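curious how this folds, go ahead:
(one chain, ligands or ions: 1)
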Amino acid sequence: MTAPLEFINVTKDYAGFKALDGLSFDVQPGEVLGLLGHNGAGKTTSMKLVLGVIAPTQGSIRVLGESPTGHASDRLRRALGYLPENVSFYPQLTGREVLRYFARLKGAAPVSVDDLLERVGLTAAADRRIRTYSKGMRQRIGLAQALLGAPRLLLLDEPTAGLDPQVTREFYRMIDDLRGQGVSILISSHVLPGVEAHIDRAAILGRGRLLALGSLPELRDRARLPLRIRLQGQPDPEQTARVMQPLGFALCPPGPVLELQGDPARKLEAVRALLALPGVTDFELIQPALEDLYAHFNRHDGEAAPCMP
Ligand SMILES: Nc1ncnc2c1ncn2[C@@H]1O[C@H](COP(=O)(O)OP(=O)(O)OP(=O)(O)O)[C@@H](O)[C@H]1O
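Prediction:
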């Protein structure tokens with residue numbers, strides 16, 4: 001099966017400025033790919049290229065097997081769902097009217113509007129005007145709009161920016177459902193908390209270049225960031241350091257709890273030693289999170305991640 005989205009060595013120049021530089025990645029059927037990067041990293045430029053709004057300076061893009069700027073562009077646009085970063089709808093229209101309007105534009109069956117309102121949890125608010133909607137409700141109507149026509153590929157540009165943690169969680173639950181139905185999803189984001197559990201792979205962009213691409217375990221393997229171990233109880237810091245240091249683990253600077261960091265490959269040895277250490281009542285192994293990996297791949301000097309509170 002061909003990948004619904006492929007970037008093959010894509011470069012995009014804006015009047016001599018390289019917004020994207022030799023970018024290659026793909027999104028597989030039913031996969032959620034997080035396109036992660038700071039402001040200006042090239043996320044929106046990538047989205048615009050997929051939509052065929054702009055063309056690459058070099059390289060090629062395949063959307064559902066075709067060029068987004070070629071003869072199939074109109075058909076592709078109908079087969080794609082897109083939620084822009086700053087979604088805004090005419091405030092006097094109701095949610096239902098907005099969806100009916102976009103259904104007509106996209107050539108989607110109007111009957112799907114009620115289903116979509118249900119799916120994004122807006123049935124009760126369907127006949128209220130958009131101007132009375134909260135930010136989270138607007139984002140949900142935006143997602144419903146993107147889902148018109150049952151797209152196989154969904155582009156979500158910073159979908160959770162400005163949403164509170166609860167609404168963000170609800171939003172990602174809907175993304176999980178879509179993935180379960182086989183929809184391929186490209187999510188661009190610089191808001192990392194919350195996204196980790198909902199993506200299959202991350203593409204980390206920095207100044208238009210791909211810094212890393214892979215699943216979380218793959219990125220962890222490549223980054224080889226230290227494993228952190230947080231200790232509970234009253235272990236003696238000097239004794240802890242003496243026992244753990246030969247195993248490649250060092251004490252973090254003193255804080256509210258005793259914490260060690262060291263070689264993830266020696267995890268089992270470290271755990272055995274901690275089980276025998278007087279005063280330890282419990283401990284927590286802390287794997288590098290997506291945010292740590294993101295920071296690592298964005299660092300130029302390759303320094304180790306600091307101990308964190
Ligand atoms: N039309 C344009 N002309 C010139 N430079 C542009 C144009 N569009 C984008 N850029 C530049 O290209 C780079 C990438 O921009 P892009 O909007 O793709 O980044 P982004 O990752 O989406 O950032 P943000 O998170 O701020 O939306 C930025 O340095 C931006 O200033």
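
point out where the stretch 1-150 of the chain drops to low pLDDT.
110-111 (pLDDT under 70).

I'd like to know how far the spatially most central residue of the chain sits from S189.
The centre of the chain sits closest to G34, judged by C-alpha atoms, centre = their mean, with a distance of 3.3 Å. G34 sits at a distance of 6 Å from S189 (criterion: C-beta to C-beta, to the nearest Å). (Glycine included, C-beta is placed from N, CA and C.)

anything in contact with each of these two?
Here G34 and S189 have V195 as joint contacts, going by C-beta atoms under 8 Å, 6 or more residues apart in numbering.

is L153 in contact with L64, as I believe?
Yes. At 6.4 Å, L153 counts as touching L64 under the criterion of C-beta atoms under 8 Å.

so what sits against both of the two?
P4, L5, A79.

I'd guessed the last one sits against L64; true?
I take that to be A79. Yes. With contacts defined as C-beta under 8 Å, A79 counts as touching L64 at a distance of 5.9 Å.

identify the contacts common to these two.
R152, L153.

ok so, going back, just give me the closest of the shared contacts of L153 and L64 to the ligand.
L5 (16.5 Å; C-beta to the nearest ligand atom).

check contacts around the residue of the stretch 151-300 of the chain found nearest the ligand.
Residue of the stretch 151-300 of the chain nearest the ligand, by C-beta to the nearest ligand atom: H190 (5.4 Å). H190 makes contact with L36, G37, H38, N39, A41, K43, E158, A161 under the criterion C-beta under 8 Å, 6+ apart.

6 Å instead, please
Under the criterion of C-beta atoms under 6 Å, 6 or more residues apart in numbering, H190 has no neighbours.

low-confidence ranges, the stretch 151-300 of the chain, go.
Looking at the stretch 151-300 of the chain by pLDDT under 70, you get 300.

just the strands in the chain please.
Counting by DSSP state E, the chain has strands at residues 5-14, 17-27, 32-37, 58-63, 80-83, 153-157, 184-189, 201-206, 209-214, 227-233, 249-251, 258-262, 280-286.

the first one near the ligand at all?
What it means is strand 5-14. Yes. With C-beta under 6 Å from any ligand atom as the criterion, the ligand is reached by strand 5-14 at Y14.

the residue lying closest to Q145 once chain neighbours are set aside: neighbour count?
Ranked by C-beta to C-beta, 6 or more residues apart in numbering and with sequence neighbours excluded, the top spatial neighbour of Q145 is F102, at 4.9 Å. F102 has 18 neighbours, counted by other C-beta atoms under 10 Å.

which parts of the chain sit against the ligand?
Counting by C-beta under 6 Å from any ligand atom, the chain sits next to the ligand at Y14, F17, A19, G37, N39, G40, A41, G42, K43, T44, T45, H190.

if you set the cut-off to 8 Å instead, what comes out?
For the chain, the residues in contact with the ligand (C-beta under 8 Å from any ligand atom) are 12, 14-15, 17, 19-20, 37-48, 85, 157-158, 188, 190, 205, 207-208.

quick revisit: which one of the shared contacts of L153 and L64 is nearest to A72?
A79 (9.1 Å; C-beta to C-beta).

gap between the residue nearest to the centre of the chain and L251?
34 Å.

what about stretch 202-221, start to end distance?
Start-to-end span of stretch 202-221 (C-alpha to C-alpha, to the nearest Å) is 14 Å.
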